[in-house]
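[1] Build me a model from this:
(one chain, ligands or ions: 1)
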Amino acid sequence: MSTDQSAAGRDEKAARIRRLLETSGSTVGETVRPFNEGRYRRYEEMEETEAYREAAREIKADAIERLPDLLEQVEDVVTENGGTVYVADDAADARRYVREVVEAADAESVVKGKSMTTEEIDLNDDLETAGIDVWETDLAEFVLQIADDEPSHIASPAVHKSREEIAALFNEHFDLEEPLTTAEELTAFAREQLTDHVLEADVGITGANFVTADTGTLALVTNEGNARKSLTVPDTHVAVAGVEKIVPSIADLSPFFSLIGPAGAGQDITAYLSLLTPPLDEPVVRFDEPDDEAFDDSSDDRSFHLVLVDNGRFAMRDDDELRETLYCIRCGACANSCANFQQVGGHAFGGETYSGGIATGWEAGVHGADSVAEFNDLCTGCSRCVEACPVNIDIPWINTVVRDRLNQGADPDAFDHLVSGLTPDDEPTGLDRGKRLFGNFETLATFGSLTAPVSNHVANFGPARAALERVAGVDRRRELPRFRRETLVDWFQSREPTRIDEPVREAVLYPDVYTNHVQVERGKAAVRALEALGVRVRVPDVSSSGRAPLSQGMIDTATAHASAVSADLEGHLEQGRDVVVIEPSDLAMFRGEYERFLDADAYERIAEHSYELFEYVFGLLEGDGPGIEALAGPSEACAIGAPASPDLAYHSHCQQRTLGLEAYTTAVLERLGYDVVTSDVECCGMAGSFGYKSEYYELSMAVGETLKDQFTADETATRTVVASGTSCLEQLDSLLERSSVHPIQVIDPGLRSELD
Ligand code: SF4
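    Purely as a prediction, here's the structure:
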C-alpha cells in the first residue's frame, strides 16, 4: 500500500473538510467546547482528581493484564447467577449470536441502549436484514436513526446536529399536528415514541460500561435512564460489550464513577449510574394485561445473555503499543479537548466506528489500518488530550505509532523523485513525499541556510510554489520559513566570547532547528539574557530533536535523532551543564518521548537537566545572581519600537501548557513591568507542518480563528503579541496584521545597546 497522496486526493480531502467546516463544524464546537471547559472546572474542583486518575489507570492496567483469568471468572459468575456468557471472536460471530438469541425469543422488535460496541459490529443492519425492528432509545442515537446518519462522537453521538436541525428532521419525518420547536417539545415527543417502542419490544439490548468479575455486575453510566428501561421491560436482555470492559471487582468502580461524568461533559456525576446483576430479580411487567396482577410473582421468565466481544482486542492486548487503548473508558474527553475535532467532529476525525483522539487505537485494533489512514493525520500531537484523559492514556503516542505503521506499509516500488538523496532518514521508499519533506526539515534547513538568500527566493518563486504544492502538498497560501545564512551556531562561534568570571550556572542553549536556521534573533536574545543573568552559555552544534520526523510518524528517524542529541550533549551533561530549550515541543521530546528512544540513564540525564527558557530565567531570578534589572523592560523595548506597547498579548505553546510551564513566562514578564494578557486558546492550529499541508490549511486557519478573535478584541488589539512556539509565531503572523515575537525578544538586554 502506498501512503503517498496525490494532489487530487489532497484536494478531495480538503473539500470534505471544508464542507464539514461550513456545515456541522460550528455545532460540533458549540457542543463539545462547554464539555471541555466543564471538564477543566470539575478536575480543578475535585480534590482527588489525580488520585482517581491514577487509581483508574492502575485498575485498568491490572484488568487487561489479567484479562484471560477475569474473563473466565465472569463466565463462571454470570452462569451461576443464571445468565449466559458468549465470547465472540469477531464482529460476525457476535452478530450471529445476538441474532440467534433474538430469533429464539420470537422477537419482532428490539430496543437498544447506546452502545458503541454494537455500532462496531454493525448489529442493527444485521437484525434489520433478518426482519427485526430495531429502535435506539438513547435520544441522540434515535435522532441519528431517524436521520439515517452516523455517530460523530464516541460518547455524545449527535454533537453535529443542532436543535433546529433535529426539529426540522422530526417535523419532516413524523406526521405531526403542530411543528416541534423547543428542546422540551422535541424531548417529550421522542420520549413518547420511545416509550411505545420499549413497551412493544421483545428484547432489550444494551452495552455495558463495566462488567465486574467478582459479581457479574453490569455498570451502566447514562444520562437518560433509557438503558434501564430497555433492559427491565422486555424479558430478554442482551448486553454487548468489549472484553476490555471487565474490571476485577465491584469495589473497583468508584474511581470510574467519580471521573467519567467530569471527564466527559464536566458533570458532577452522570444522571444515572445503574448497577445490575442480571438476570434481574424484578418480575417482568405485564403491560399488555393491565387488569390482571401487574407483576408476575417470579423472575423465571427473564433471560440474560452477556456477549463479550474480542474482535481484535486480545491482539491489541498483545501489542505493546496499542495495549493502552484498552484502558479507554470511552468518556470522549480526548475528542472534546482536541482543537481539530472541535472544528470538524467525528465525521472527519474518525473511522468506521470510533472518533476523536483515541479512535486511531480503536480503529487500528478492531477494523484495521485502512480505517485509520484517512483521519490519523488530524492528530497533531499537541498532547492536550493526555491530561484530559481520565486514565492517562498517551493518545498522541498511539497515533504516532499507527502513523509509523501506515508509513511502513508504503509502496516499496515507488520512487521518491523529489527527495531522493536529500533525505537521510530510516523510512521506507514510497513514503508520502510531503511527510518525507517535513520529516527531514533539518536537512532542508541546513541546505536552505547554506544557499540563502537564493534558497528563499527560489522557494517563494511562483512556479516553484506551485510544484511544491502539487508534489508534496505544501499549501501555497502559507509563507515559507526564510532561512538565515548565518545560523545561531555560526553567530555564536564567530562572536567575541562574553567573559563571565564567576558564572552562577553553566548552560548549553539548545539550538533547535528553527532557532538555528530561521528564528535566529530569538536565539541571540536568549544568549544575551542568560549571560546577563550570570550564566556561562555555550551553543554547540547539536542534532535536531527528532520532533519533525516524529510528527510524520517516522519513529526510526526520530529515534536516530534522539541518539544523536544524546551523544552531542553527553559531554556537557557530564560537566554538569544545564540544557536550556527555547522550543517547547523539543523540550516535550526531551522530557517525554526520549524515554522511549534512549536507555534509562541517557534519558534521565537529559530529561532532568533540560529546562524551558523562561522556566530557567525564572529560576535564575529566584537565585543569588544578577536580578531582574539585568534584563530589558518595557521602557527599553518601547524606546526602540520592538514592542508597539508595554502591554503584551501572550500565547503559550500547547506542549508548554501540557508541561505546566506557561506561568514562568508570564511571571518573568510581569516582574519586568509588562502587563500581560494570556490567551486561553489551547492550540493555534498550526502544529508544526500541519498548517502547511494543503489538505489541512483551511482547518488550520479555522482553528486559529479563536486566537485571532482574542488578539483583535478591544482589550488586546494594540498589544504587542508574543508567543513561545515557532508554529504559534508563524500562525499568528498569518492571522494578524501585526507581527509577533518570542517573549525573550522583549526582555533582551541587547535592546539597550541598540539604544546607545
Ligand atoms: S482515550 Fe481517555 S479521554 Fe479518550 S475516550 Fe478514552 S478514556 Fe476518554
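
[2] ok, for Arg657, nearest residue in space, not its chain neighbours?
    Glu682 (6.6 Å; C-beta to C-beta, 6 or more residues apart in numbering). Quick note: C-beta positions are derived from backbone N, CA and C, even for glycine.

[3] and the one you found, helix, strand or coil?
    Classification of Glu682 using DSSP: H, G, I helix; E, B strand; the rest coil returns coil.

[4] ok, how many other residues are close to it?
    19 (other C-beta atoms under 10 Å).

[5] what do you get for His173?
    The number of residues near His173, taken as other C-beta under 10 Å, comes to 10.

[6] Now do it against Thr137, distance only.
    According to C-beta to C-beta, to the nearest Å, His173 stands 17 Å off from Thr137.

[7] now do Leu180
    Leu180 is 19 Å from Thr137, by C-beta to C-beta.

[8] Between those two, point out the one with more neighbours.
    More crowded of Leu180 and Thr137, by other C-beta under 10 Å: Thr137, with 29 against 21.

[9] got the contact list for the more buried one?
    111-113, 194, 197-198, 224, 226-227, 229-230 (C-beta atoms under 8 Å, 6 or more residues apart in numbering).

[10] swap in Glu103?
    130, 132.

[11] I'd like the average pLDDT over the helix or strand hosting it.
    Using DSSP states H and E, Glu103 falls within helix 91-104. Helix 91-104 shows a mean pLDDT of 98 in the predicted model.

[12] Pull up the residues of the chain that are close to the ligand.
    154, 328-334, 357-358, 388-391, 393, 395 (C-beta under 6 Å from any ligand atom).

[13] ok, now with 5 Å
    328-329, 331, 333-334, 358, 389, 393 (C-beta under 5 Å from any ligand atom).

[14] most surrounded residue in these?
    Neighbour-wise, the residues of the chain next to the ligand (other C-beta under 10 Å) top out at Ala333, 33 neighbours.

[15] where along the stretch 301-450 of the chain do the strands fall?
    For the stretch 301-450 of the chain, the strands defined by DSSP state E, counting those that start in this stretch occupy 303-309.

[16] cool, and the stretch 551-700 of the chain?
    With DSSP E, counting those that start in this stretch as the criterion, the stretch 551-700 of the chain has strands spanning 578-581, 610-612, 647-651, 675-678.

[17] Ala339 is nearest to which of those strands?
    For the strands of the stretch 551-700 of the chain, proximity to Ala339 was assessed by C-beta to C-beta; strand 647-651 is nearest, at 13.0 Å.

[18] Could you list the low-confidence segments of the stretch 251-400 of the chain?
    285-300 (pLDDT under 70).

[19] all helices for it, in order.
    253-265, 313-317, 333-336, 339-344, 359-366, 370-373, 384-388, 395-408 (DSSP state H, counting those that start in this stretch).

[20] ok now the fourth one, how far from the chain's centre?
    Relative to the mean C-alpha coordinate of its chain, helix 339-344 is positioned 10 Å out (C-alpha atoms, centre = their mean, to the nearest Å).

[21] Show me what that helix is packed up against.
    helix 7-22, helix 25-45, helix 697-711 (3 or more C-beta pairs under 8 Å, 6 or more residues apart in numbering; DSSP states H and E).

[22] and for that helix, what are the contacting residues?
    17, 20-21, 25, 28-29, 32-33, 36, 335-336, 349, 355-357, 378-380, 382, 384, 682-683, 685, 699, 702-703.

[23] The fifth one too?
    Residues from elsewhere that reach helix 359-366, judged by C-beta under 8 Å, 6+ apart: 91, 120, 154, 311-313, 315-316, 319, 322, 324-325, 328, 346, 349-354, 371-372, 375-376, 379, 395, 398-399, 402, 405.

[24] Low-confidence regions, the protein specifically.
    Looking along the chain with the criterion set at pLDDT under 70, you get 1-4, 285-300, 410-426, 429, 638-645, 754-756.

[25] Domain ranges for it, per the record?
    1-314, 488-752 (the TED database).

[26] how about stretch 243-254 as PDB, C-alpha atoms only?
    What follows is stretch 243-254, C-alpha atoms only, in PDB (Å, rounded to 0.1, in the frame of the first residue of the first chain):
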ATOM      1  CA  VAL A 243     -13.900  -7.900  26.700                       C
ATOM      2  CA  GLU A 244     -11.900  -4.900  27.900                       C
ATOM      3  CA  LYS A 245     -14.900  -3.700  29.900                       C
ATOM      4  CA  ILE A 246     -14.200  -6.300  32.600                       C
ATOM      5  CA  VAL A 247     -12.800  -5.000  35.900                       C
ATOM      6  CA  PRO A 248     -11.800  -7.300  38.800                       C
ATOM      7  CA  SER A 249     -14.300  -6.200  41.400                       C
ATOM      8  CA  ILE A 250     -17.300  -4.100  42.100                       C
ATOM      9  CA  ALA A 251     -15.200  -2.200  44.600                       C
ATOM     10  CA  ASP A 252     -13.100  -1.000  41.600                       C
ATOM     11  CA  LEU A 253     -15.900   1.100  40.100                       C
ATOM     12  CA  SER A 254     -15.600   4.000  42.400                       C
END
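
[27] Would you mark the buried spots in that stretch?
    243-248, 250, 252-253 (16 or more other C-beta atoms under 10 Å).

[28] cool, and stretch 582-598?
    582-594, 596-598.

[29] Phi and psi next, for Tyr354.
    Main-chain torsions, Tyr354, degrees, to the nearest 10: phi -100, psi 150.

[30] list the contacts for it?
    116, 120, 154, 362-363, 366.

[31] Then Val535?
    Val535 neighbours (C-beta under 8 Å, 6+ apart): 500, 503-507, 620, 625.

[32] Quick check: phi and psi on it?
    Dihedral angles (degrees, to the nearest 10) for Val535: phi -100, psi 130.

[33] Pairing partners for it in the sheet, please.
    Arg505 (DSSP bridges).

[34] From the ligand, how far off is it?
    40 Å (C-beta to the nearest ligand atom, to the nearest Å).

[35] Equivalent analysis for Ala8, please.
    For Ala8, the distance to the ligand - C-beta to the nearest ligand atom - is 33 Å.

[36] burial of that residue, as a residue count?
    8.

[37] Please identify the most buried of the helices and strands packed on helix 339-344.
    helix 697-711 (a mean of 22; mean count of other C-beta atoms under 10 Å).

[38] Was I right to think Ile246 contacts Ala213?
    Yes. The criterion here is C-beta atoms under 8 Å, and Ile246 meets it with Ala213 at 5.5 Å.

[39] so what's in contact with these two at the same time?
    70-71, 74.

[40] Report the contact partners of Ser449.
    455, 483-487, 517.

[41] tell me which of those residues is nearest to the ligand?
    His517 (36.4 Å; C-beta to the nearest ligand atom).

[42] Nearest residue to the closest one in space, please, no chain neighbours.
    Closest to His517 by C-beta to C-beta, 6+ apart is Ala445, at 3.9 Å.

[43] re earlier: which among the contacts of helix 359-366 end up buried?
    Listed as buried from the contacts of helix 359-366 are 91, 120, 154, 311-313, 316, 319, 322, 324-325, 328, 346, 349-354, 371-372, 375-376, 379, 395, 398-399, 402, 405; burial here means 16+ other C-beta under 10 Å.

[44] Now do the residue nearest to His367 when sequence neighbours are not counted against Val391, distance only.
    Among residues not flanking His367 along the chain, Glu352 sits closest, at 4.9 Å (C-beta to C-beta, 6+ apart). Per C-beta to C-beta, Glu352 is found 23 Å from Val391.

[45] re the thing from before, go through the buried residues of stretch 243-254 and name the one nearest Ala562.
    Glu244 (31.6 Å).

[46] Touching, the closest one and Leu326? I think so.
    Yes. Here Glu244 reaches Leu326: they are 4.1 Å apart, a contact under C-beta under 8 Å.
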